[in-house]
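Engineer: Need coordinates for the below:
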Amino acid sequence: MNNPIYTIRSSRDDRVFVHAMPGHFISSSNHLNYYIGTSDIKHNHDVSVDAAMLMAQYYVERGIEVDSVLCLYETQALGAYLAHELSRPNMLNPNPDNTVYVLGPEYDAQGNIIFRDNLRKLITNKKVLLLISCITSGKTIERAMESVQYYGGTVVGITSIFSAVDSVDGVEVNTIFNKNDIPGYASYPAHDCPHCKNGERVDAIANGYGYSLL
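Structural biologist: Just a heads-up that it's a prediction; the model follows:
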């Protein structure tokens, strides 16, 4: 696959960027005409720190308290920087005394998120922020929300690096990049994919961890 790769920088901080690669990609819930690469934000320290600052602004400006950050798809490092920003003094809360916990998910055989007894205390009766790299349909976030609610937590925010949707189950998505940043970005149900209808081969299978060429 020799598809071009474009670098898209945040209008709020040009040090924060993603890569966009056009093609024909399959995710767990739909077909996509772009793969959004978020590896630098997730794994490059300097970019992660700057991205976390952008993400935190949303919650600081609205006075939304967060107890725990649940990190999906290898966003734990980014989540740690975000937790640090959320626990720092600011104009609205000059003397914060809360600890913001960071944890990743464990999945059962059916793909449901579960929390072991030693970690339930980080979810039960806590205000939980869901952090994810990319949201295309919102189905992954919906399942995470259901798990948090099952264990007695309250989802107070959804944050992503890229999101194709504005909200999930009534909760606004706080995102650095959206589909307006990627000209022509589109996702389709498998039965209505124009690439498939035109007989175009699939370039890769993609998810929040990356892509695998076919």
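
Engineer: For the strand or helix carrying residue 23, the averaged confidence score.
Structural biologist: Taking DSSP states H and E as the criterion, residue 23 maps to strand 17-26. Averaged across strand 17-26, the pLDDT comes to 95.

Engineer: got a list of contacts for that strand?
Structural biologist: Residues external to strand 17-26 that are found in contact with it (C-beta atoms under 8 Å, 6 or more residues apart in numbering): 1, 3-10, 31-41, 47, 161-162, 177, 182, 185, 190, 193, 195-196, 200-206, 211. Where C-beta positions appear, they are placed from N, C-alpha and C, glycine not excepted.

Engineer: Name every strand pairing with it and say which way it goes.
Structural biologist: Taking DSSP bridges as the criterion, strand 17-26 forms sheet pairs with strand 6-9 (antiparallel), strand 31-37 (antiparallel), strand 204-207 (parallel).

Engineer: can those go into TSV with extra columns for mean pLDDT and distance to residue 148?
Structural biologist: What follows is those, written out as TSV (pLDDT from 0 to 100; distance: least, C-beta to C-beta, whole Å):
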stretch	mean pLDDT	distance to residue 148
strand 6-9	96	30
strand 31-37	95	25
strand 204-207	90	21
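
Engineer: out of those strands, which comes closest to residue 136?
Structural biologist: strand 31-37 (6.5 Å; C-beta to C-beta).

Engineer: Check which element follows that closest one along the chain.
Structural biologist: Heading C-terminal from strand 31-37, the first helix or strand you meet, by DSSP H and E, is helix 39-43.

Engineer: Quick one: list the elements packing against that next one.
Structural biologist: strand 17-26, helix 45-62, helix 76-86 (3 or more C-beta pairs under 8 Å, 6 or more residues apart in numbering; DSSP states H and E).

Engineer: Now do that helix: distance to the chain's middle.
Structural biologist: Between the centre of helix 39-43 and the centre of its chain there are 12 Å (C-alpha atoms, centre = their mean, to the nearest Å).

Engineer: For that helix, buried residues please.
Structural biologist: 40, 41, 42 (16 or more other C-beta atoms under 10 Å).

Engineer: which residue packs closest to the residue nearest to the spatial centre of the chain, ignoring adjacent ones?
Structural biologist: Most central in the chain under C-alpha atoms, centre = their mean is residue 132, positioned 2.0 Å from the mean C-alpha point. Using C-beta to C-beta, 6 or more residues apart in numbering and skipping residues adjacent in sequence, the residue nearest residue 132 is residue 72, 4.4 Å away.

Engineer: circling back to that earlier point, will you turn the helices and strands packed on helix 39-43 into JSON lines that also has distance to residue 106?
Structural biologist: Shown next, in JSON lines, are the helices and strands packed on helix 39-43 (distance: least, C-beta to C-beta, whole Å):
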{"stretch": "strand 17-26", "distance to residue 106": "25"}
{"stretch": "helix 45-62", "distance to residue 106": "23"}
{"stretch": "helix 76-86", "distance to residue 106": "13"}
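
Engineer: Can you say which of those is nearest to residue 170?
Structural biologist: Nearest to residue 170 among those is helix 45-62; the distance by C-beta to C-beta comes to 15.6 Å.

Engineer: Relative to residue 85, how far out is residue 31?
Structural biologist: Here residue 31 is placed at a distance of 35 Å from residue 85 (C-beta to C-beta, to the nearest Å).

Engineer: With residue 190 as the reference, measure out to residue 28.
Structural biologist: Look at residue 28 and residue 190: by C-beta to C-beta, they are 11 Å apart.
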